[in-house]
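K.L.:
The sequence and its predicted three-dimensional model are supplied below.
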Amino acid sequence: MQTFQSGGGISDAEVVDLNDAVIILAKSRRKNKKCQAEEIIFKARVDPERLPSGIADVPLGTIIGAVRQLFLTIIERTTETLAPTDLIRFYIQDDPPISTTIMPVSDLIIEKILTEILKVTYKGKERPLRINLWHHDNHYDVIKSVKGFFGSSYYCENCEKPYSHCEAHQCPKACYICLRMSCPPGQPQRCKDCDRLCVSERCYQAHKAVTEKDEKSLCDKIYQCRICCKVIRRNECRQELHRCGTTKCPSCNQCMIATEHFCYLKKMSPKRPNERLIFFGFEMDQSSGEHIVNFALAQYADGTEKKFGYSACENFCAWLYTPELKGFTAIARNIKGFDGQFIMAWILKQGMTPDVIPNGELIMSILPPFLKIRIIDSLNFLPMPLSDVDILRRCCLEFRSQFQEITKVDPFQYVNIASAYMAVFRSLHVTPNTIAMVPIHGYVNDIRYSPDSIRWLDFVSHNENIATLHALNGTGEKKIHGIFVDGYCLETNTVYQFHGCFYHGYPICYDSDSVHPLKGISMATVKENTDMTSAVLRSKGFQVVELWEHEFAEEKKKNPQLQKILESHSIQNRLNPRDAFFSGRTNALKLFYEGRAKYVDFTSLYPWVNKYCVYPIGHPEIITKDFKDVDNYFGLILCRVISPRALYLPVLPYRCQGKLMFPLCPTCTESMQQTTCIHSDEERSLIGTWVNEEVKLAKRKGYIIAEESSGWPRECETPSQKNTYITRYKILEGITLDENNICKNPGRRQVAKLALNSFWGRFGMNTNKGQLTFVNNVVAFNKHINDPKKQIKNIYLPSEEVAAIQWQSSQNFVKQDTSTNIFIAAFTTAWARLKLYQEMDKLGENVLYHDTDSIIYATDGMNDPPLGNFLGEFTDELEGDEITTFVSGGPKNYGYKTKNGETCCKIRGFTLNYRNIQLLNFYSVRDLILSLEDTVITLCNPAKICRVPKKRKIVNKVEMKNYRSL
């Protein structure tokens with residue numbers, strides 16, 4: 001790679017067209033035997049004539065913008081032919097080499113490369129004395145204390161790694177007992193206290209020594225089990241409580257054996273109520289195109305007001321974050337999308353680093369690092385317009401009062417209504433040993449095979465024409481000298497071991513000091529145990545062939561013979577319960593209809609499911625062989641089914657091209673084929689994970705399993721009608737109503753319905769959501785970007801003093817959530833789809849359009865479903881009126897005209913205000929759908945309110961949107 005000599009300087013603003021000046025040519029591709037991967041070598045040079053003025057004769061390494069553009073170009077050009085799931089490692093041949101870990105292509109971003117480059121860039125020969133320098137801004141500063149620079153208690157010069165506890169890092173050059181860099185062997189001596197075998201008397205004394213920094217010695221901190229040889233920290237499990245094979249349960253924090261321990265949702269007391277509440281709102285000046293706060297109003301719970309005019313946001317925040325308001329909770333409407341942006345801008349401008357709960361680009365709550373003043377959004381509890389601060393205060397206080405009266409839980413101590421109702425459930429209604437805490441890494445056991453290991457072993461058998469025994473073609477994994485092996489060939493006396501990079505701690509893929517979340521020991525120790533197992537097998541006279549998971553992934557891309565075998569290989573990946581979690585069913589079955597039609601809607605469909613449908617309790621039994629008929633099971637099933645060729649309403653959901661569909665032929669769906677299907681049964685087969693109740697219905701419909709608070713209803717006016725309603729409610733719901741307590745309360749009804757719909761969704765919450773962390777010093781910044789357990793998604797500077805880091809937990813280091821159960825969520829949506837299907841099946845081809853809980857259908861006066869007011873019964877959305885003309889452009893996109901002359905048009909993604917509805921309405925959509933031309937309706941919003949999340953600003957922009965039929 002060619003660079004220029006030093007001299008001159010440049011600002012970031014001048015680096016504008018550097019990409020045109022960077023020329024990258026593919027030099028060669030060859031197999032790297034050391035890394036077992038294809039190595040791509042690129043030659044990069046810079047054309048001086050294309051450089052912006054002022055950049056010539058400047059070291060390339062000092063121009064941050066140039067470096068970013070260079071690496072961005074390299075990433076784009078080297079990965080353009082790769083799939084997002086392909087594995088890649090960025091490697092710069094230097095002294096010392098610069099390399100990232102192996103990761104999916106989708107995870108390789110510039111920040112990860114810069115993280116490696118910004119480590120030690122030059123390391124001289126080993127000498128007794130060292131000088132550490134920090135190179136920045138074309139200048140070198142002396143680092144007086146490397147530990148202070150990284151904000152750590154210790155720093156390993158050999159590994160170039162900071163760490164906080166002496167026992168947390170194992171340098172390969174240090175003694176594994178006393179951790180000294182020089183520990184010559186002598187007479188071994190076993191310590192009676194920690195049961196570790198010291199290599200000499202001096203090693204024994206060193207591991208017993210108490211330093212000034214620590215009050216405890218290494219012997220006081222860790223011990224070793226002589227039976228299982230596991231090294232354990234005493235603060236995690238006391239020596240007398242240790243049982244071989246145990247780890248700490250991430251849900252209940254008890255030491256357990258993974259194959260014997262099953263955790264459940266436990267009862268938990270709610271948070272203590274907080275009476276210290278403030279309600280506030282902002283008014284804006286939009287004359288400049290940017291929203292500027294020109295007035296702020298805050299009210300205490302008792303109605304006392306505080307007004308802010310000139311420099312309103314600054315003055316409000318300066319007043320809010322004072323010791324007098326310590327422990328208060330501040331509430332406003334639309335914090336996440338609007339008001340919170342201005343508060344965040346002020347906080348970041350002060351150089352503070354608040355703790356936030358993000359939801360994409362939105363902020364759910366804000367908690368600065370002092371005074372414990374929380375800011376939450378009323379929309380997360382009351383999704384309704386409460387534009388006036390006084391109305392906001394009175395509504396929130398009434399909601400809180402009624403909520404506490406019924407549940408004894410303060411809802412505003414939580415972030416949203418789902419988490420508040422989870423607190424209610426856990427404090428009042430949870431039944432012990434009922435709701436399982438599903439392990440984040442799945443249900444595992446000590447004898448676990450991976451699908452890829454079986455694929456590889458079958459390929460070896462085919463390629464070498466030998467018979468290998470493995471978990472699926474004999475009596476299970478063969479046990480040799482007490483060791484379970486992946487594969488064994490008797491005729492060649494060869495053991496085949498397939499090592500998953502995560503389960504066996506491959507050092508390039510995973511940081512050696514990271515604690516294995518399943519085994520509770522470091523990745524380095526896991527790798528040592530793997531090597532020891534192989535050494536034992538070799539010492540017993542067996543040939544041992546080993547293959548790492550990432551090596552097999554590379555081989556699958558390059559070996560045509562392997563690819564051909566895998567195409568016909570029948571083994572599937574293990575069942576992932578989250579794959580059975582589908583959303584509601586929405587589609588337009590007819591795009592245009594003229595005639596009589598009706599629009600019916602289920603009364604609280606999901607609450608009906610929660611009340612009447614059967615749910616799985618406890619932990620599942622995992623069945624992988626000797627299958628019975630699907631009618632004998634209740635749970636989730638991973639299978640391949642062949643759909644019937646003629647079924648008007650398909651049953652099974654299927655994800656395709658990022659959308660939820662209900663196809664009969666996945667091949668037609670993938671290619672968007674509009675003609676008659678001519679594919680074979682093999683091409684038409686669906687492979688997926690479903691709730692078994694849906695599979696049972698599918699089987700009845702011709703699928704072949706190839707492998708197996710509302711107030712009185714309107715009509716209740718007279719006393720006799722009310723008595724009849726109460727009697728029917730008792731019969732159907734098993735609940736006796738008190739006539740004196742039945743009154744109209746639409747607000748409570750809406751909140752109750754929201755709570756019920758949100759509560760079950762809390763069980764299906766994504767356990768690895770994106771996180772946003774703010775840092776204001778180099779120490780914290782280095783700590784986050786060098787954390788191997790995190791995937792850095794983005795880094796930006798919202799202010800001069802603060803950096804924002806967007807990240808997710810690495811796939812294998814996602815923390816166990818203590819209140820989710822994916823089975824409950826999957827069964828909830830499945831039962832709702834089945835309820836909808838049951839009613840659509842009765843209507844058949846009369847169905848015009850359906851949403852998750854509603855149906856628009858052609859009526860002949862004889863096919864109308866019965867209506868009612870109870871859970872799960874239909875209500876008439878048109879209140880006696882009928883549709884005469886219906887039109888639809890697809891899911892969430894329809895309009896109709898009724899017999900009374902009313903029109904309705906609903907289109908997701910388009911705000912149908914007065915201006916837009918002049919162009920986009922029932923009549924224009926009808927004309928567009930019926931037109932044979934590719935007609936487009938363009939809507940212009942001259943002042944669309946837009947967020948600039950990285951700068952925490954709100955601005956008005958011109959927005960153009962096109963509506964067309966797909």
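P.N.:
Sure thing, it's come through.
K.L.:
tell me which element residue 247 is part of?
P.N.:
Assigning secondary structure by DSSP states H and E places residue 247 in strand 246-248.
K.L.:
What residues of that strand count as buried?
P.N.:
For strand 246-248, burial by neighbour count (16 or more other C-beta atoms under 10 Å) applies to 246-247. The way it works is simple: take the backbone N, C-alpha and C, and place the C-beta from them, glycine included.
K.L.:
In terms of secondary structure, what does that strand contact?
P.N.:
strand 255-257 (3 or more C-beta pairs under 8 Å, 6 or more residues apart in numbering; DSSP states H and E).
K.L.:
Residue 432 against residue 264, yeah?
P.N.:
Yes - taking C-beta atoms under 8 Å as the definition, residue 432 is a contact partner of residue 264 at 6.8 Å.
K.L.:
Please say which of these two ends up with more neighbours.
P.N.:
Between residue 432 and residue 264, residue 264 has the larger neighbour count (other C-beta atoms under 10 Å), namely 18 against 9.
K.L.:
Name the residues that touch the strand holding residue 247?
P.N.:
The contact list for strand 246-248 (C-beta atoms under 8 Å, 6 or more residues apart in numbering) reads 236-237, 254-258, 518-520.
K.L.:
Run through the strands of the stretch 851-966 of the chain in chain order.
P.N.:
Assigned by DSSP state E, counting those that start in this stretch, the strands in the stretch 851-966 of the chain fall at 854-858, 874-876, 883-890, 893-898, 903-907, 937-948, 953-963.
K.L.:
The closest residue in space to residue 218 that isn't next to it in sequence is in what secondary structure piece?
P.N.:
With sequence-adjacent residues excluded and distances taken as C-beta to C-beta, 6 or more residues apart in numbering, residue 218 is closest to residue 207, at 4.6 Å. For residue 207, the element it lies in under DSSP H and E is helix 201-208.
K.L.:
tell me what that helix is packed against?
P.N.:
strand 189-190, helix 218-221.
K.L.:
Rebuild the strands of the stretch 851-966 of the chain as a markdown table, extending it with distance to residue 104 and mean pLDDT.
P.N.:
Shown next, in a markdown table, are the strands of the stretch 851-966 of the chain (distance: least, C-beta to C-beta, whole Å; pLDDT from 0 to 100):
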| stretch | distance to residue 104 | mean pLDDT |
| --- | --- | --- |
| strand 854-858 | 40 | 96 |
| strand 874-876 | 47 | 94 |
| strand 883-890 | 33 | 95 |
| strand 893-898 | 35 | 96 |
| strand 903-907 | 36 | 94 |
| strand 937-948 | 29 | 89 |
| strand 953-963 | 34 | 90 |
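K.L.:
Which one, of these, ends up nearest to residue 815?
P.N.:
Among the strands of the stretch 851-966 of the chain, strand 937-948 comes nearest to residue 815, with 29.1 Å by C-beta to C-beta.
K.L.:
tilt between that closest one and strand 953-963?
P.N.:
160 degrees (axes from the mean of the first three to the mean of the last three C-alpha atoms, to 10 degrees).
K.L.:
Show residues contacting strand 937-948.
P.N.:
286, 291, 337-338, 341, 361, 910-911, 915-916, 919-920, 924, 928, 953-964.
K.L.:
ok now it, how far from the chain's centre?
P.N.:
Put simply, strand 937-948 sits 30 Å off its chain's centre (C-alpha atoms, centre = their mean, to the nearest Å).
K.L.:
and that strand, which strands flank it?
P.N.:
Counting by DSSP bridges, the strands paired with strand 937-948 are strand 953-963 (antiparallel).
K.L.:
Which positions in the partner strand come out as buried?
P.N.:
So for strand 953-963, counting by 16+ other C-beta under 10 Å, buried means 954-956, 963.
K.L.:
Return the member of the residues you listed nearest to residue 863.
P.N.:
Of these, the one sitting nearest to residue 863 (C-beta to C-beta) turns out to be residue 963, at 33.0 Å.
K.L.:
neighbours of the residue nearest to that closest one when sequence neighbours are not counted, just the number please.
P.N.:
Once flanking residues are discounted, residue 963 sits nearest to residue 937: 4.4 Å by C-beta to C-beta, 6+ apart. When counting by other C-beta under 10 Å, one arrives at 18 neighbours for residue 937.
K.L.:
same question, residue 657
P.N.:
8.
K.L.:
on that earlier part again, tell me the mean pLDDT over the helix holding residue 207?
P.N.:
Average pLDDT, helix 201-208: 91.
K.L.:
CA atoms only for that helix, dumped as CSV, please.
P.N.:
Provided in CSV are the C-alpha atoms of helix 201-208 (Å, rounded to 0.1, in the frame of the first residue of the first chain):
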residue,chain,number,x,y,z
GLU,A,201,8.3,-23.1,46.6
ARG,A,202,8.7,-19.6,45.2
CYS,A,203,5.6,-20.0,43.1
TYR,A,204,3.8,-21.2,46.3
GLN,A,205,4.9,-18.1,48.2
ALA,A,206,4.0,-15.8,45.3
HIS,A,207,0.4,-17.1,45.0
LYS,A,208,0.1,-16.6,48.8
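K.L.:
Give me the contact list for it.
P.N.:
Residues contacting helix 201-208 (C-beta under 8 Å, 6+ apart): 175, 177-180, 183-184, 186-187, 189, 191, 194, 196, 198, 217-219.
K.L.:
got the buried residues for it?
P.N.:
Across helix 201-208, burial judged by 16+ other C-beta under 10 Å covers 202-204, 206-208.
K.L.:
now swap in stretch 912-922 and tell me
P.N.:
Residues of stretch 912-922 classed as buried by neighbour count (16+ other C-beta under 10 Å): 916-917, 920-922.
K.L.:
Dump these to a markdown table, plus pLDDT and distance to residue 500.
P.N.:
Below are the buried residues of stretch 912-922 laid out as a markdown table (pLDDT from 0 to 100; distance: C-beta to C-beta, whole Å):
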| residue | pLDDT | distance to residue 500 |
| --- | --- | --- |
| 916 | 89 | 54 |
| 917 | 90 | 57 |
| 920 | 92 | 53 |
| 921 | 93 | 57 |
| 922 | 95 | 57 |
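K.L.:
does residue 365 sit in a helix or strand, and which one?
P.N.:
Per DSSP H and E, residue 365 falls inside strand 362-367.
K.L.:
Other residues contacting that strand?
P.N.:
By C-beta under 8 Å, 6+ apart, strand 362-367 touches 335-337, 340-341, 343-344, 347, 354-358, 373-377, 380, 415-416.
K.L.:
So which of these belong to helices?
P.N.:
340-341, 343-344, 347 (DSSP state H).
K.L.:
Closest to residue 321 out of those?
P.N.:
Among the ones in helices among the contacts of strand 362-367, residue 347 lies closest to residue 321 (C-beta to C-beta), at 8.1 Å.
K.L.:
Now for the closest one, how many residues are close by?
P.N.:
Neighbours of residue 347 (other C-beta under 10 Å): 24.
K.L.:
same deal with the one 4 residues further on?
P.N.:
Residue 351 has 13 neighbouring residues, counting by other C-beta under 10 Å.
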